[in-house]
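Participant: Need a 3D model of the following:
(chains A and B)
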Amino acid sequence: MTKTLSPALEISGLIKDVGPLPAMDGRMKRIVSNISLKAHFGAVTALLGANGAGKTTTIECAQGLQQRTGGHISLLGHDPQHASADLRARVGVMLQDGGLPPAARPIALLRHVASLYANPLSVDALVERLGIGEFSDTNIRRLSGGQKQRVALAASLLGNPEVLFLDEPSAGLDPQSRLMVFELIRELRDSGKAIILTTHLLDDAQRLADYVYIVDKGESVAQGTVQELLEHSTSAQKHRVMTFETTAGLALSALQRPGLACTETRPGSYSIAGGLQPDDLARFGSWCVAHQVMPTAVHLASQSLEDVFLAISNGARETASAEPTSSNTETMGIS
Amino acid sequence: MLFHDAPAGQAASLTSRILNQGKYEAATMLRNGEQLVLMVVMPLLGLVALVATPLLDGMGHPRVAIAAPGILALCALSTAFTGQGIATGFDRRYGVLRFLSTTPLGKAGLIAGKVLAVLVALALQVALISMVAVFMGWRPPLAGVLLGIPLLVLGAAAFTALGLLIAGTVRPEATLAITNLGWILFAALGGIVLPAGKFSSALEGFVQWLPSGALGNLMRAALIDSRLDVWGLIVLLAWAAVASFAAVKWFKWN
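Facilitator: Purely as a prediction, here's the structure:
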């Protein structure tokens, strides 16, 4: 990351109210209460959060599509609320719903969007790069979700933007398109562009993002590189989960020690969770010898961004109310 | 690589952005079968029907002389109000307006492109309808033609503003219903095709306040008598101003 340069996008203390809403007796609803972030050139910055957390609202304020209620936004040194045509030409936007006219054909549409730029990228090259040629004669209405998403991505890239906003870029993508799109996003980052994407998929953030902001209920609640988020998560530090299958009903006392949670999750399926050490694996080996079993489906996973995400959003929820959390928490730690 | 050596984004000039958007929208309108029925087939059928039946007899002029100005006014209603209203309503639903407003085109360019598309489509309609009318014996005075063209453009502006106001404030299905129903009511009873005095004086008094009645009267006064209907002009200007103001104030992009 080129941290010495000023960021491509800087948001501080963003507030956004919507309404007045009839469902709330005509009052305004605050959907973003405090979001701050920086996105640098040559980096993928991800806003990660559940649906409704305020991710799309945040980047639409940054794109100038929504008027903010409070806070500051600087996009390439300008306020996006008063974006000039020249500023818009330097920023690419892929909307969550695509924003493509259903009756248009992909290539005709891309040629039209290209005509709005003085020096657009070659439509043919983008069409080839994103495999759009195979459905170029089909109305956008009839394309699959993944095909539409590829056309929308191509449309956002025609001006060769310095800053690229991608709202849920992997939504509706089949595995093959997903690989294609992810590879392209990395290539764009390597060519120095600032890429800001939103996602509710932890896997996307883990695979693509250089820097992640976790957004929950309209606030940015945690930030860092994927590595930092994994390392600095306090509640689940050095947390690992080992699962395996073997004969049902075996005693686990020989594996037990403080800091480990050993359970038979269902008959024949076992899990050992906590700060697993090499010693624990040696004891696991002895345990197998003692019980004369050969376990199958042995799987050892370090904690994922998912654990961090759940720990943070559960933490936020637990402070609000002591209600039980989602079903995923059993793999989450030994608090 | 594709992006590495390419120059960074630069907007095309304002003129070429608007021209390209206008061209694209006009082509989209002309490729749409339903729009073509509304824009070409219905006005042509109306013209033929009015010239072939005795409906306009006894008004002191040949049938085609009274029918053609009203049918040209109907073209503005079809294209600017119903056609552009429906297209914009659905573009809004599908996020097309939002996407295009993030490109160098922007919101103002998008509106300008739409107005241009309406004018292009209207010019084609006028050329076609006028040719057919001339073939049927229409001989409008030259001064009337020169007066009628800017009046028709003003009518298109008023109806575009009304269409965009509806498209930008209600759901696209409602836009579809309102603009189609509006087309039928304006065309049948709104004084645009038939002078309202044909029905009753009470209706005539009411209809002259409508944009349809004002445009119909303006076009007939211009193309029959080479006369400017000042009252119609005031009413139509007022509609254009109020509808534009309301559209700017209440148009929702998403």
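
Participant: which residue sits closest to the residue of the stretch 201-335 of chain A found nearest chain B in space, ignoring its chain neighbours?
Facilitator: In the stretch 201-335 of chain A, the residue that lies nearest chain B is residue A:208 (16.7 Å; C-beta to the nearest C-beta). Heads up, the C-betas are built off the backbone N, CA and C, glycines and all. Nearest residue to residue A:208 in three dimensions, chain neighbours excluded: residue A:44, at 5.2 Å (C-beta to C-beta, 6 or more residues apart in numbering or on different chains).

Participant: and the one you found, that's in a strand?
Facilitator: Yes. Counting by DSSP: H, G, I helix; E, B strand; the rest coil, one finds residue A:44 located in a strand.

Participant: burial measure for the residue of the stretch 201-335 of chain A closest to chain B, as a count.
Facilitator: By other C-beta atoms under 10 Å in any protein chain shown, 24 other residues sit near residue A:208.

Participant: do residue A:174 as well
Facilitator: Count around residue A:174 with other C-beta under 10 Å applied: 13.

Participant: and the closest residue to it other than its chain neighbours, what helix or strand is that in?
Facilitator: Distances taken as C-beta to C-beta, 6+ apart put residue A:146 closest to residue A:174, at 4.9 Å, once the chain neighbours are dropped. Secondary structure assignment for residue A:146, by DSSP states H and E: helix A:145-157.

Participant: Same question for residue A:197.
Facilitator: Going by DSSP H and E, residue A:197 is part of strand A:194-199.

Participant: From the chain's centroid, how far away is that strand?
Facilitator: When C-alpha coordinates are averaged (C-alpha atoms, centre = their mean, to the nearest Å), strand A:194-199 and its chain have centres 8 Å apart.

Participant: packing partners for the next helix-or-strand element following it?
Facilitator: Next along the chain after strand A:194-199, taking DSSP H and E as the criterion, comes helix A:202-208. Secondary-structure packing of helix A:202-208 (3 or more C-beta pairs under 8 Å, 6 or more residues apart in numbering or on different chains; DSSP states H and E): strand A:43-48, helix A:175-190, strand A:194-199, helix A:305-320.

Participant: Surely residue A:18 touches residue A:27?
Facilitator: No. Using C-beta atoms under 8 Å, residue A:18 is not in contact with residue A:27, being 10.6 Å away.

Participant: Around chain A, which positions in the stretch 101-250 of chain B sit nearby?
Facilitator: B:101-106, B:109 (C-beta under 8 Å from any C-beta of the partner chain).

Participant: Tell me which two of those residues sit farthest apart.
Facilitator: Pairwise distances across those (C-beta to C-beta) peak at 11.7 Å, for the pair B:102 and B:109.

Participant: and residue 244, what is it in contact with?
Facilitator: The chain I'm using is chain A. A:269-270, A:295-299 (C-beta atoms under 8 Å, 6 or more residues apart in numbering or on different chains).

Participant: should've been chain B
Facilitator: Counting by C-beta under 8 Å, 6+ apart, the residues that residue B:244 touches are B:157, B:161.

Participant: Need the phi and psi values for it.
Facilitator: phi -60, psi -40 (degrees, to the nearest 10).

Participant: so how far is residue B:85 from the closest residue to chain B within chain A?
Facilitator: At 2.8 Å from chain B, residue A:99 is the closest residue in chain A, using C-beta to the nearest C-beta. To residue B:85, residue A:99 is 20 Å away according to C-beta to C-beta, to the nearest Å.

Participant: likewise residue B:2?
Facilitator: From residue B:2 to residue B:85 the distance is 40 Å (C-beta to C-beta).

Participant: Could you check which of the two has the larger neighbour count?
Facilitator: Using other C-beta under 10 Å as the criterion, residue B:2 and residue B:85 rank with residue B:85 on top: 27 against 17.

Participant: Name the SS class of residue B:72, please.
Facilitator: Going by three-state DSSP: residue B:72 is helix.

Participant: Now do it against residue B:43, distance only.
Facilitator: According to C-beta to C-beta, residue B:72 and residue B:43 sit 8 Å apart.

Participant: repeat for residue A:188
Facilitator: Relative to residue B:43, and taking C-beta to C-beta, residue A:188 is found at 50 Å.

Participant: and what of residue A:256?
Facilitator: Counting by C-beta to C-beta, the gap from residue A:256 to residue B:43 is 87 Å.

Participant: Give me the more crowded residue out of those two.
Facilitator: For the pair residue A:256 and residue B:43, the greater number of neighbours falls to residue B:43 (26 against 12), based on other C-beta under 10 Å.

Participant: Wait, that one touches residue B:70, no?
Facilitator: No. Applying C-beta under 8 Å, one finds residue B:43 not in contact with residue B:70, separated by 9.7 Å.

Participant: Now do the same for residue A:313: its pLDDT.
Facilitator: What the model reports as pLDDT for residue A:313 is 67.

Participant: Look at residue A:267 and say how many residues are nearby.
Facilitator: With other C-beta under 10 Å as criterion, residue A:267 counts 9.

Participant: State the three-state secondary structure for the closest residue in space to it that isn't next to it in sequence.
Facilitator: With C-beta to C-beta, 6+ apart as the criterion, residue A:267 has its nearest non-adjacent residue at 3.9 Å, and that residue is residue A:248. Judged by three-state DSSP, the three-state class of residue A:248 is coil.

Participant: on that earlier part again, check whether the spatially closest residue to the residue of chain A closest to chain B that is not a sequence neighbour sits in a helix, strand or coil.
Facilitator: Computed as C-beta to C-beta, 6+ apart, the closest residue to residue A:99 that is not its neighbour in sequence is residue B:99, at 2.8 Å. Using three-state DSSP, the structure places residue B:99 in helix.
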